[in-house]
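K.L.:
just coords:
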């Protein structure tokens, strides 16, 4: 997959050619005065499947928001447990500290 830059004028005048690049798997950055304003890329087949599942009621309509929240959760620092102390003992100690 390659990335190409295309001015808005070229997109307007050669839309079929630009979309051919996208069909081939390329990303196309659309520019206005050489400043990026949009990105065109291949369709994400997983996203299309999820949309079909939403329409059929098999997936929640807010699946993108849930996915984003999960990504944010995964970025948060994880708690390191002290060696030799179980998770239960650590939770009890944390609760005791909160009660003080």
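P.N.:
Now that the structure is in, tell me what you want to look at. Since the model is a prediction, treat every value here as computed from it, not as a measurement. Numbering: from 1, shown residues only.
K.L.:
tell me the SS of the residue nearest the centre of the chain?
P.N.:
Against the mean C-alpha coordinate of the chain, by C-alpha atoms, centre = their mean, the closest residue is residue 68 at 7.0 Å. In three-state terms, and counting by DSSP: H, G, I helix; E, B strand; the rest coil, residue 68 is helix.
K.L.:
And the one 4 residues further on, by the same measure?
P.N.:
State at residue 72, reduced to three classes by three-state DSSP: helix.
K.L.:
same question, residue 39
P.N.:
Reduced to three states by three-state DSSP, residue 39 is strand.
K.L.:
What degree of burial does the closest residue to it other than its chain neighbours show, as a neighbour count?
P.N.:
Spatially, and ignoring its direct neighbours in sequence, residue 39 is nearest to residue 29 (5.5 Å; C-beta to C-beta, 6 or more residues apart in numbering). Placement of C-beta: from N, CA and C, glycine included. Each residue near residue 29 was counted by other C-beta atoms under 10 Å, and the total is 14.
K.L.:
For residue 29, list each beta-bridge partner.
P.N.:
Counting by DSSP bridges, residue 29 forms beta bridges with residue 5, residue 39.
K.L.:
any idea how the chain splits into domains?
P.N.:
If the domains of the chain are taken from automatic domain parsing, they occupy 3-40, 45-99, with pieces of a single domain joined by a plus sign.
K.L.:
can you give me how far the longest one is from the chain middle?
P.N.:
Right, domain 45-99. A distance of 15 Å separates the C-alpha centroid of domain 45-99 from that of its chain, computed with C-alpha atoms, centre = their mean, to the nearest Å.
K.L.:
per-residue confidence averaged over that domain?
P.N.:
Mean pLDDT, computed over domain 45-99, is 86.
K.L.:
Same check on the shortest one?
P.N.:
Domain 3-40 shows an average pLDDT of 95 in the prediction.
K.L.:
Counting neighbours, which bits of it end up buried?
P.N.:
By 16 or more other C-beta atoms under 10 Å, the buried positions in domain 3-40 come out as 6, 11, 18, 21, 26, 28, 30-31, 40.
K.L.:
picking that back up, next up, the contacts around the residue nearest to residue 39.
P.N.:
Counting by C-beta atoms under 8 Å, 6 or more residues apart in numbering, residue 29 makes contact with 3-6, 36, 38-39.
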